[in-house]
Structures are given as structure tokens and as C-alpha cells.
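A.B. asks: kindly return the folded structure for what I paste below:
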Amino acid sequence: MAQAKKTKAKRDAKRDQPAGDRTVATNRRARHDYDILESLECGIVLQGSEVKSLREGKAQITDSYARIDSGELWLFGLHIPPWKFATGFGSHDPDRKRKLLVHRKEITDFIKQTQTQPLTLVPLKIYFHEGRAKVELGVARGRKLHDKRAAIKERESKRETDRYMKDVRRTS
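C.D. replies: Sure thing, here's the model as predicted:
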């Protein structure tokens with residue numbers, strides 16, 4: 001009887017916790033190599049073992065990109081390693097292309113933007129939102145080397161001014 005009360009209490013405590021987003025992987029390299037013009041949250045079609053592997057926090061999105069093929073949005077280059085307990089029929093191909101779930105209007109907007117300008121679709125982050133795996137997809141323009149240097153210089157100068165302002169506030 002006491003054991004049943006403990007497990008029920010644990011279940012109730014789990015339900016009372018806020019359901020926040022849990023980030024699995026971020027693509028920090030994309031923010032360095034590209035200017036992100038806009039971003040969009042997309043659902044992703046996964047197999048069961050892929051979800052289990054993502055819940056363990058295993059994914060690599062550094063070299064991945066999205067592309068529109070025959071009116072559907074696909075994610076290429078995303079590496080989700082096989083779940084250690086999935087064998088045979090339950091396992092998956094770690095580097096397969098994965099379908100992204102987006103409204104038709106958003107796909108047509110992406111087609112218009114990428115055809116008129118030299119833009120690319122880059123995944124920025126994979127996370128769980130209310131128990132479902134999501135991908136934050138960014139419409140990006142590639143940076144040249146001098147642009148990267150300017151961005152680094154701007155970021156460092158902002159960091160220095162923030163430090164200085166923090167010191168001024170602390171002394172006054």
C-alpha cells in the first residue's frame with residue numbers, strides 16, 4: 001500500500017512540473033556562417049528509435065540543410081545515432097532524409113524567397129516542445145569572410161561595453 005502511494009506521488013509531482021522546451025542540439029556554426037533573416041518552427045517526422053535517441057540528447061546538425069523536393073520540405077544531413085536498445089527491425093538509418101511538417105503557404109513562401117535570392121534553409125536548433133520533436137529552421141544568407149570578421153568584431157565590442165557598464169553599475 002505504501003509503495004503505491006509513493007509511485008502515485010511521484011506521478012503527480014511529474015505532472016505538476018512546467019512543460020518547457022528542452023533543447024537537444026543547436027547549430028552554433030550556422031549563426032557564424034550565415035545571416036539569419038527569419039526563423040520558423042517545424043515539426044519533424046521521426047521513427048520511434050530516433051525519438052528515443054533524441055531524448056537521450058544525441059544529434060548532430062552542424063552539416064545539415066533543408067531543401068524543397070516536389071512540394072515537400074526535407075531535412076538532409078541530420079545525424080541521429082541509432083538507439084542502443086533498438087536492433088534489427090526497430091533500428092533506423094542515422095543519416096536518412098527526414099520530412100519536415102510545415103503549412104503549404106510557408107512552403108510556397110520558402111520557394112519564392114529561395115528562387116529570387118541566393119538563400120538557404122538551415123536548421124538552427126532541435127528541441128522538444130510539449131513532448132513533440134521540433135526543428136527551428138532559419139532562412140539564411142551566406143556570409144563572406146570579411147562579414148564574419150565584422151560580426152566577430154561587433155560581438156566583442158558589445159561584450160566589452162556590457163562589461164564596462166556592469167563595472168560602472170557595481171561601483172556606483
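A.B. asks: other SSEs contacting the helix of greatest length in the chain?
C.D. replies: Ranked by number of residues, the top helix in the chain under DSSP state H is helix 145-171. In terms of contacts (3 or more CB pairs under 8 Å, 6 or more residues apart in numbering; DSSP states H and E), helix 145-171 is packed against helix 28-33. Yep, even glycine has a C-beta here, placed from its N, CA and C like the rest.
A.B. asks: can you map out the strands along the protein?
C.D. replies: 22-26, 34-44, 65-69, 72-76, 98-101, 120-129, 132-142 (DSSP state E).
A.B. asks: dump the ones you listed to a markdown table, plus mean pLDDT and mean neighbour count.
C.D. replies: Listed next are those as a markdown table, based on pLDDT from 0 to 100; neighbours: other CB atoms under 10 Å:
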| stretch | mean pLDDT | mean neighbour count |
| --- | --- | --- |
| strand 22-26 | 84 | 17 |
| strand 34-44 | 88 | 16 |
| strand 65-69 | 87 | 17 |
| strand 72-76 | 90 | 18 |
| strand 98-101 | 90 | 18 |
| strand 120-129 | 89 | 20 |
| strand 132-142 | 88 | 19 |
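A.B. asks: tell me which of the ones you listed lies nearest to residue 58.
C.D. replies: Closest to residue 58 of the strands of the chain, according to CB to CB: strand 22-26, at 8.0 Å.
A.B. asks: could you verify my assumption that residue 72 touches residue 107?
C.D. replies: Yes - assessed by CB atoms under 8 Å, residue 72 is found in contact with residue 107 at 7.5 Å.
A.B. asks: need the residue closest to the centroid of this structure.
C.D. replies: Ranked by distance to the mean C-alpha position of the chain (CA atoms, centre = their mean), the top residue is residue 125 at 1.5 Å.
A.B. asks: so it versus residue 25, what's the distance?
C.D. replies: Counting by CB to CB, to the nearest Å, the separation of residue 125 from residue 25 is 7 Å.
A.B. asks: what's around the residue nearest to residue 77 when sequence neighbours are not counted, how many residues?
C.D. replies: Nearest non-adjacent residue to residue 77, counting by CB to CB, 6 or more residues apart in numbering: residue 64, 3.7 Å away. Neighbourhood size, residue 64 [other CB atoms under 10 Å]: 22.
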